[in-house]
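In: Coordinates only, no sequence provided:
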């Protein structure tokens, strides 16, 4: 069954790639930062698709225990990369956050590496300490403190969404590893409360949070993107306006070619394709869980659990 899950997973990812490329072609011609080239984002996407394919094939042929042996290397690299975000002329400040580092034309978001580094570390830690679940020090305090090094640097960038995503993935992975559920519940609620307090102290983040919760009250400024996204998605109905016939991508919905491309799918292709996209994401998550449960050892199980959780929680944590 788990072998079939791998093939189904491949088909689901392929389906999302096809839909994504088609919709990117439909929306990117109207993007403000296309530099006058209607194929600019298609070319860039093709380059990243090629890079991703090479990485995917390379990771597939490597024994996954390689990540168990080298977790410390990725953790150190993530710490160094996150620290570079605070270095002038290397760290890039965009929209009130220092999430990116840039060296010439090359830019990179270190928090993406930090997510994987945290999963590698936690999977390796609990694979080594199999019976640490009942031990507060080794099963809770130490692993949480080590991951907090990454989370603290990301929070300092004023990236609350990624901090919440990293925290959620950490708690789910620790729960799967057998950590004390009562302590996990207490710390998770405390962490959520702390993030909300931090958000209320930062006017820009508070504005984005309020606009996310009540976009109709901020439709002229902070909630413009969310409000236009809702209008675009709803205007497509069940059938949609037809591929390429969307109106909101013509600068009514700013940055429609980014992670707000889903409303354009609803507008042009309708409710059926919108539900298809959601279904394909669910298929990927379910297949990932099945594959993780059939891993040969504890490290493989926890590694698969962490990656699936990261994918599953990316959308809910994204708005912040």
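Out: Thanks, I have it. Just so it is clear, the model here is predicted, and its values are computed rather than measured.

In: going forward, measure contacts and count neighbours with C-alpha atoms only.
Out: Will do.

In: Where is the longest strand in this structure?
Out: strand 97-103 (DSSP state E).

In: any idea how far the next helix or strand after that strand is from the chain center?
Out: Next helix or strand after strand 97-103 toward the C-terminus (DSSP states H and E): strand 106-108. With Cα atoms, centre = their mean, to the nearest Å as the basis, strand 106-108 stands 18 Å off its chain's centre.

In: If we go by neighbour counts, what in the helix or strand following strand 106-108 is buried?
Out: With elements assigned by DSSP H and E, the helix or strand that comes after strand 106-108 is helix 110-128. Using 16 or more other Cα atoms under 10 Å as the test for burial, helix 110-128 gives 110-111, 113-127.

In: what residues does the longest strand of the chain touch?
Out: Outside strand 97-103, the residues that touch it by Cα atoms under 8 Å, 6 or more residues apart in numbering are 81, 84-86, 90-93, 107-111, 154, 157-159.

In: Just the buried subset of these, please.
Out: Using 16+ other Cα under 10 Å as the burial test, the contacts of strand 97-103 include 81, 84-86, 91-93, 108-111, 154, 157-159 as buried.

In: which ones among those are found in helices?
Out: Counted as lying in helices by DSSP state H, out of these, are 81, 84, 110-111, 154.

In: Return the member of the residues you listed nearest to residue 306.
Out: Using Cα to Cα, residue 111 is the member of these that lies nearest residue 306, at 15.5 Å.

In: Would you mark the buried spots in stretch 286-301?
Out: Neighbour counts over stretch 286-301 (16+ other Cα under 10 Å) mark 286-293, 298-301 as buried.

In: could you dump these to CSV with secondary structure and pLDDT?
Out: Output for those, formatted as CSV (DSSP: H, G, I helix; E, B strand; the rest coil; pLDDT from 0 to 100):
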residue, secondary structure, pLDDT
286, helix, 94
287, helix, 94
288, helix, 93
289, helix, 93
290, helix, 93
291, helix, 92
292, helix, 92
293, helix, 91
298, helix, 93
299, helix, 95
300, helix, 94
301, helix, 94
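
In: which among these gets closest to residue 229?
Out: Within the buried residues of stretch 286-301, proximity to residue 229 (Cα to Cα) peaks at residue 286, which comes in at 27.9 Å.

In: Now the residue nearest to residue 45 when sequence neighbours are not counted. Its backbone dihedrals?
Out: Closest residue to residue 45 apart from its sequence neighbours, by Cα to Cα, 6 or more residues apart in numbering: residue 21 at 7.9 Å. The phi/psi pair for residue 21 (degrees, to the nearest 10) reads phi -70, psi -40.

In: What is the burial count for residue 21?
Out: 15 (other Cα atoms under 10 Å).

In: Can you read off the pLDDT for it?
Out: At residue 21, the model reports a pLDDT of 90.

In: likewise the one 5 residues further on?
Out: In the predicted model, residue 26 carries a pLDDT score of 84.

In: Helix or strand: which one has it?
Out: Under the criterion of DSSP H and E, residue 26 resides in helix 2-28.

In: now residue 49: how far from residue 57?
Out: Distance, residue 49 to residue 57, by Cα to Cα, to the nearest Å: 12 Å.

In: of these two, who's got more company?
Out: residue 49 (13 against 10).

In: Just the residues contacting whichever strand or helix holds that one, thanks.
Out: Using DSSP H and E, the element containing residue 49 is helix 40-61. Residues outside helix 40-61 that contact it (Cα under 8 Å, 6+ apart): 21, 24-25, 28, 34.

In: Which pair of these spans the longest distance?
Out: So, those by Cα to Cα: farthest apart are 21 and 34, at 15.6 Å.

In: Skipping its backbone neighbours, what lies nearest residue 281 in space?
Out: Excluding its sequence neighbours, the residue lying closest to residue 281 (Cα to Cα, 6+ apart) is residue 12, at 7.6 Å.

In: Quick one, grab the pLDDT at the nearest residue to residue 23 once chain neighbours are set aside.
Out: Leaving aside its sequence neighbours, residue 23 sits nearest to residue 265 (Cα to Cα, 6+ apart; 6.9 Å). Note on residue 265: pLDDT of 90.
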